[in-house]
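Asks: Prediction below, plus the sequence it came from.
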Amino acid sequence: MITIKQVSHHYTMGKKAKETIVPVLHGIDLHVGKGEIVSLIGKSGSGKSTLLHIIGGFIQPTSGEVAINGTTITGWNEGQLADFRLQHIGYIFQNFQLIPSMTAAQNIELPLILNGTPKQERKQKVEDILRQVELEAFPEHYPSELSGGQQQRVAIARALILDPPLILADEPTGSLDSDTEAELLSLIRKLNKQAGITFLIITHDQEVAAIADRQLEIKDGQMLKVKGVMPV
Amino acid sequence: MTFKDKWRFVQQNMKKNKVRVFMTILAAAMGSCFLIVLASVGFGLHDSLIKDELESRAVTKIDIYGTDDEEQLGFTNENIDELKQIENVDAVRQIQSLGETNFHLDGYTNEMPSAIAVDFENEKQAGIELGSGRLPEKENEIVVSSDFAEFLGKDDVDEKDKFTEDGTIKSEYLYKDEVLNKEIEIEASTFPEDGSEPRTATEKVQIVGIEAAPANEYIYTNSVKSTPELKRKLDEALHVTDSYTEQGDPLYDQVEVYASNAESVEGILNSLDEKGYLAYSNLEELKNINILFNVAKAGLIIVGTIAVLIASIGIYNTMTMAVTERAPDIGIMKAIGANPKTIKQIFLMESTFIGLAGALIGTAVAYLISFLVNAGVPVILEQIFEEEIPATLQLSSIPFLLAAISITICLVVTILSGSRPAKQATNVDVLRALRREI
């Protein structure tokens, strides 16, 4: 599902002529198979978020190659990446990233609107997914009227609505209490088993990392150790 | 993403900032309205002038004021025949002056109107319009102008008492009855150059027709049109010979040629020049007037566009603020797969809507202002200057072309002013927006 070859990345900081190069990733190789749950752990500044953003197409790597579902996305422009993301990748963020002026149902409907799905079909799909994430009682609630766990379930529903084969989760339980965290992890496992969706989860929470088929650790921009099987 | 869904987004976005959007539409409407009202004055005055010219048949009329032969004192029948042969000539109107004439009716006299003898068949072709009655069929029948009666003043009244300050006859000394079908006495006079006694001849004639009032209400015409036979009769009685050739054919004092349409005037003028006639057409003047007014109208539109440009600053500001405020939402949309083109289109649609709404409201208000100006200003001017304003005078006119130009300018300006903020929206960095750093 995800194949990363020799991906390196550095940030350029400071003003012109006084720029400093901050290296973040060094020759990362990674392969995530279809239907796998892989967790990526590491300390702050280790480069795990940067790697996720490269996989998600938000950042172009300085060097190396990224392929998702057999398609190499390195070197694509922003429009191509956006279209690819819409069709192939669902994204779950630590702080949910819901549009506050839209209701839960409208937030979930957004990818369907971008995809050009007819209104009637959209309505049906939203109703179905709300049932799946057990939020059928809250379609007209705004994010501010929902608990953290409910908001994250709205975000998961939004990520799932177009049936993407891959979901990238950036600290998905970072804003949740332990009970809600457990509920969410159970939901992730259910989705993986039932729909065969591939998950790549970034976390520094060992409990979250433990639900993965494989655990990868990243330190100082390099893959350090692997629990389970080899990264490539 | 379908157009309908994009439009729904635009509506949602505008609802969030109703007051700001309303004020921006208001500014665009004011700019557009100012542009149209300003330019409408140019269009209105131009239309009035053109209407006047066309209604007075001045455009297709060519005055022949002489020939290359300086010895020739008038135009002969041969000249008239030659003029009639020219291509695209609709009618040739030959005129003989009756000289000094007075008209007496039941103790009232119209002193020295412009009295001429014409061929009424030619008059018909030239487009004479009667307000009442008919054209003369017998030699002692005449047609008078609509204002003829206004110049019929009571006899035996002191000249000082008879006239008002502006030269018109006081109403108490005016002939009150209808003049149509009345028998009136024509008194023609001649003052021989050899110094002999002035001679006078009189004839009884009947007024069988009254010409329609001219389009310009402020023009008073005091004229009489008689038959050539009456002219000959009076000349014989007065022993006048200089209005005729040696063979006894009439010599015409004035000739007018009427072209079939305005486009053929130039060709006829060229033919006349080749044949040795000295001619003049109002069309040349009209062309110059058209050029002048078109330049003036373009100038007014440019000045009006400045107002739209000022309004566009408001649109730019509104859209820039909208992009800044919505940067986190834009970031989320881009993160879940919104194409930058879609984002740009949503913002462009919003600025276009603001521009279009402003332009349409501005145009509607401009039409209302134009109507009020045309209805109200003449009344005010009449009150101030105590003079009648001609009905043909149009102070403001908004043709469809002007409305279309204004809406187009407003739309182009607003799209341009909205395009930079829309571009900014597409450039919103997803990660920075998600971190609320924008």
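Replies: Perfect, I can see it now.
Asks: Quickly note the distance from the spatially most central residue of chain A to residue A:183.
Replies: For chain A, the residue sitting closest to the mean C-alpha position, by Cα atoms, centre = their mean, is residue A:168 at 1.9 Å. Distance, residue A:168 to residue A:183, by Cβ to Cβ, to the nearest Å: 20 Å. Where C-beta positions appear, they are placed from N, C-alpha and C, glycine not excepted.
Asks: where do the strands sit along the chain?
Replies: Reading this off chain A. A:2-13, A:20-32, A:37-41, A:63-68, A:71-72, A:89-92, A:166-170, A:198-203, A:214-219, A:222-227 (DSSP state E).
Asks: Actually, chain B is the one I wanted.
Replies: With DSSP E as the criterion, chain B has strands at B:61-67, B:89-97, B:100-105, B:108-111, B:114-118, B:130-133, B:141-144, B:152-154, B:183-190, B:199-211, B:223-226, B:254-259, B:277-281.
Asks: picking up where we left off before, for the residue nearest to the centre of chain A, give me its contacts.
Replies: A:52, A:55-56, A:89-92, A:200 (Cβ atoms under 8 Å, 6 or more residues apart in numbering or on different chains).
Asks: restrict those to those near chain B?
Replies: A:56, A:89, A:91 (Cβ under 8 Å from any Cβ of the partner chain).
Asks: Tabulate those (a markdown table), appending pLDDT.
Replies: As requested, those are arranged in a markdown table below (pLDDT from 0 to 100):
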| residue | pLDDT |
| --- | --- |
| A:56 | 88 |
| A:89 | 90 |
| A:91 | 88 |
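Asks: out of these, who's nearest residue B:318?
Replies: residue A:91 (31.1 Å; Cβ to Cβ).
Asks: which residues does that closest one bridge with?
Replies: Beta bridges link residue A:91 to residue A:168, judged by DSSP bridges.
Asks: Verify the stated contact: it with residue B:332.
Replies: No - if you go by Cβ atoms under 8 Å, residue A:91 and residue B:332 don't touch, sitting 9.6 Å apart.
Asks: the helices in the stretch 1-150 of chain B, which residues?
Replies: In the stretch 1-150 of chain B, the segments counted as helices under DSSP state H, counting those that start in this stretch are B:3-16, B:18-55, B:77-85, B:120-126.
Asks: highest average neighbour count across the ones you listed?
Replies: Using mean count of other Cβ atoms under 10 Å in any protein chain shown, the stretch among those with the largest mean neighbour count is helix B:18-55, at a mean of 20.
Asks: Can I get the strands of chain A in TSV including distance to residue A:119?
Replies: Below are these laid out as TSV (distance: least, Cβ to Cβ, whole Å):
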stretch	distance to residue A:119
strand A:2-13	34
strand A:20-32	35
strand A:37-41	34
strand A:63-68	30
strand A:71-72	30
strand A:89-92	22
strand A:166-170	26
strand A:198-203	30
strand A:214-219	41
strand A:222-227	46
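Asks: hang on, the earlier thing: deepest of the strands of chain B, which one?
Replies: strand B:141-144 (a mean of 24).
Asks: who touches it?
Replies: In this structure, residues lying in contact with strand B:141-144 by Cβ under 8 Å, 6+ apart are B:113, B:120, B:128, B:130, B:133, B:135-136, B:179, B:184, B:186, B:205-211, B:223-227, B:230.
Asks: Please tabulate the contacts of residue A:168 in CSV, including the columns neighbour count.
Replies: Compiled in CSV, the contacts of residue A:168 are given as follows (neighbours: other Cβ atoms under 10 Å in any protein chain shown):
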residue, neighbour count
A:52, 20
A:55, 24
A:56, 23
A:89, 27
A:90, 27
A:91, 23
A:92, 23
A:200, 25
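Asks: Tell me the one among these nearest to residue A:77.
Replies: The closest of the contacts of residue A:168, once distances to residue A:77 are taken by Cβ to Cβ, is residue A:56, at 15.2 Å.
Asks: wait, isn't the closest one in contact with residue A:86?
Replies: No - between residue A:56 and residue A:86 there is no contact under Cβ under 8 Å: 11.8 Å.
Asks: On the pLDDT front, check residue B:274 for me.
Replies: pLDDT, residue B:274: 90.
Asks: so how far is chain A from it?
Replies: 71 Å (Cβ to the nearest Cβ, to the nearest Å).
Asks: separation between that residue and residue B:86?
Replies: Distance of residue B:274 to residue B:86, computed by Cβ to Cβ: 10 Å.
Asks: and what of residue B:38?
Replies: Per Cβ to Cβ, residue B:38 is found 45 Å from residue B:86.
Asks: low pLDDT regions in chain A?
Replies: A:225-232 (pLDDT under 70).
Asks: Repeat that for the stretch 201-350 of chain B.
Replies: Along the stretch 201-350 of chain B, segments meeting pLDDT under 70 span B:215-220.
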